[in-house]
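Peer 1: Predicted model and sequence follow; I will ask about them next.
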Amino acid sequence: MTRLLFAASEAVPLVKTGGLADVAGALPAALIALGVDVRVVLPAYRGCLDKLEAPTVIGAMTVRGQSFRIWEGRLAGSPVIHWLVDYAPLYGRDGDPYHDPQHRPWSDNAWRFGCFCEAVARLAAGEGSGGWKPDVVHCHDWQTGLVPAWLKLRMAGPRAVFTIHNLAYGGLFPRAAFESLGLPPGWWSIDGLEFYGQMSFLKAGLVYSDVITTVSPRYADEIRTPAFGCGFEGVLDKLSARVHGILNGIDTDAWNPATDAQLAQTYSSSTLKAGKLANRHALQDELRLPRDEAMTVVGMIGRLTDQKGFDLVVAALPELMKLPVQLAILGAGDKALEAELAIAATRYPGRIGLKLGYDDQLARRIEAGSDLFLMPSRFEPCGLNQMYSQRYGTVPVVHRVGGLADTVVDATPRTLKNGTATGVVFEDADVGGIVYGVSRGVELMHDPIARIGLQHSGMSRDFSWAASARQYLALYR
C-alpha cells in the first residue's frame, strides 16, 4: 500500500480561500478509495481543531526554537486522517491563512510557512508522527515549497511531488527572510531558491521535487512560455521531463443539484426546466433583480483580481448593458475593483446583483440560478466553477486558456450537431472577447434546442476525481 503525506495550506471544510482548498478536501478521499494510506497535514489555524472529531495530540517537535504540537483527527463521516501543526502565535490568528483581517499579507509569512515546511519534512521522517512514514509527500503551491528541499537533504527520505495551482504566486521574500530561517547557505543559488535577488518558496518546490504537476494539461504547456511563465519559464523548460498536467476534478457529491440543500429547489437532468426556473427566480429575488423573463442571467464568482478578468468586465459594462442580461456577481479581493463594481450596481439598477465577500451558499445558488456563467480569466490553471456550472446545467462562457480550454467544448455547428458542445469559448481576454462571448451565449439561450442540448451535455460529463486520482497514483508509484 502506498503511504502518502498530503501537505497543503488549506483544505475544505477546515479552511478555504480558493480552489486549492477544494482539491485538498476532495483528492485525498479519492486516493483512499484506490487503496492509498493518506495523511493530510495543515497548519492549525484558529477554529480548525474544533471541526475535527475527538482530535488527539500524537507528537511534538521544536522548530526554530518554537514548540509545535501535532494533532490528529477526522471530519465527521470522512475516511481522511488530518494532522494539524499547532503553534498558536503563528497560526491561531484572526484573518485568513495568508492575510490579516484588513486583507494585508502577514508580515511574517516567510517564517510562518517556512516553519510549517520544516515541520512537514520532519513528520515525513517519522518525527512527531507516531512512527508513520510516507513513501511520497505531495506538496501544493508555494506555502509548501521548502518541503522538497528539506527532503532532499535526507538521502533515504520519501519522494516529493509538487503541484502548481497558480504560478503567479511565487512565495517571494527578501534575502533577510532566507537568513532568518537558517536555511542551508547552498540553497541560495540560481539553481536553488534564489529568484532575481529574492527567495522563492515556489522555485524550491520546482527545483527539489521529483515530479511537478499542474492542475490541467494545457496549463502544463502554457507555463513554459514567457506569456504564462511568470519568470519561471526557463526553470520549467529545463525541468520539462518532470512536468505533468493532471486535470482537477470536483467533489460530485458536494456539488450535486439533485441533493444540494442550499438550492430553492433541487433538480436533475430530467427536471431541469422547472428546477432551473425556480432557482433563477429565487436568485433574482435574493439579489434584488426583477423577474424579467426576457433577461439572461449571467453569473460570476471569484477573486476580484485582474487575473480573473473582473477589470475587463467593468470596462465592458457599457456594451454588456446593451444586451438583455442581468449579472449576478459574488466575490472579494482588490478594493478598487470592489468599489467599481459597487458603483456599477448603483448605476445599472435591476441589472447587476452584487454581493462582496465569500459565501459558499450563495455561490451554489448562483450556479443553479444562472443561465450563463462568465469566466474571462487572463490565465486559469484549472478553474472549478466552469465544471460546477456544467454540473448544474448552467452554460459556461470562458476565455480559451488553461483548464477552461480543457474542460469546456465550444458550441460550433459541428459540436452542437453531435451533442458534445457544453459552452461558449472566446479567443481574446479583452472587452471585445467578453462582449462577443456573452452575445453568443445569449443567442444560444434563446434557441430552445441549442439551450437544452448544451445543458444536458454539460450535466452528463464526468468531472469526478476518480480519473485524476488514478493518474496521481501512477505518478506516486
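Peer 2: Here it is on my side, so go on.
Peer 1: Would you mind giving the domain segments of the protein?
Peer 2: According to automatic domain parsing, the chain comprises the domains 3-246, 269-459.
Peer 1: Dump those domains into JSON lines; add distance to Asp260, mean pLDDT and mean neighbour count as well.
Peer 2: Quick note: C-beta positions are derived from backbone N, CA and C, even for glycine. As requested, the domains of the chain are exported to JSON lines (distance: least, Cβ to Cβ, whole Å; pLDDT from 0 to 100; neighbours: other Cβ atoms under 10 Å):
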{"stretch": "domain 3-246", "distance to Asp260": "15", "mean pLDDT": "95", "mean neighbour count": "19"}
{"stretch": "domain 269-459", "distance to Asp260": "6", "mean pLDDT": "97", "mean neighbour count": "20"}
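Peer 1: wait, isn't Ile352 in contact with Ala344?
Peer 2: Yes: the pair formed by Ile352 and Ala344 meets the contact definition of Cβ atoms under 8 Å, at 5.8 Å.
Peer 1: For Pro257, find the nearest of the domains of the chain.
Peer 2: Distance to Pro257, taken as Cβ to Cβ, is lowest for domain 269-459 among these, at 4.9 Å.
Peer 1: what's the distance between that closest one and the middle of its chain?
Peer 2: Here domain 269-459 shows a centroid-to-chain-centroid distance of 18 Å under the convention Cα atoms, centre = their mean, to the nearest Å.
Peer 1: can you give me the helices in the stretch 101-250 of the chain?
Peer 2: 109-124, 146-152, 175-180, 201-208, 217-222, 233-238 (DSSP state H, counting those that start in this stretch).
Peer 1: Please identify which of those is closest to Gly369.
Peer 2: helix 217-222 (29.6 Å).
Peer 1: what helices or strands is the closest one leaning on?
Peer 2: If you count contacts as 3 or more Cβ pairs under 8 Å, 6 or more residues apart in numbering; DSSP states H and E, helix 217-222 packs onto strand 243-245, helix 402-407.
Peer 1: Show the contacting residues for Leu404.
Peer 2: 375, 377, 380, 383, 386, 396, 398, 425 (Cβ atoms under 8 Å, 6 or more residues apart in numbering).
Peer 1: related to what we said a few turns ago, so which of the domains of the chain comes closest to Tyr476?
Peer 2: Closest among those, using Cβ to Cβ: domain 3-246, at 4.7 Å.
Peer 1: Endpoints of the closest one, how far apart?
Peer 2: Across domain 3-246, the terminal residues are separated by 20 Å (Cα to Cα, to the nearest Å).
Peer 1: Just give me how far that domain sits from the chain centre.
Peer 2: 15 Å.
Peer 1: picking up where we left off before, is it possible to get a markdown table of the helices of the stretch 101-250 of the chain that adds distance to Asp306?
Peer 2: Compiled in a markdown table, the helices of the stretch 101-250 of the chain are given as follows (distance: least, Cβ to Cβ, whole Å):
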| stretch | distance to Asp306 |
| --- | --- |
| helix 109-124 | 22 |
| helix 146-152 | 28 |
| helix 175-180 | 26 |
| helix 201-208 | 20 |
| helix 217-222 | 17 |
| helix 233-238 | 20 |
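Peer 1: Pull up the gap between Asp292 and Gly350, please.
Peer 2: 8 Å (Cβ to Cβ, to the nearest Å).
Peer 1: Find residues that contact each of the two.
Peer 2: With Cβ under 8 Å, 6+ apart as the test, Asp292 and Gly350 both reach Gln326.
Peer 1: What residues does Ser240 make contact with?
Peer 2: Applying Cβ under 8 Å, 6+ apart, the residues contacting Ser240 are Arg224.
Peer 1: hang on, the earlier thing: format the domains of the chain as TSV; extra columns: distance to Ala261.
Peer 2: Compiled in TSV, the domains of the chain are given as follows (distance: least, Cβ to Cβ, whole Å):
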stretch	distance to Ala261
domain 3-246	14
domain 269-459	9
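Peer 1: Kindly state which of those is positioned closest to Ala467.
Peer 2: domain 3-246 (9.2 Å).
Peer 1: check contacts around Trp187.
Peer 2: For Trp187, the contact set (Cβ under 8 Å, 6+ apart) comprises 149, 178, 193, 204.
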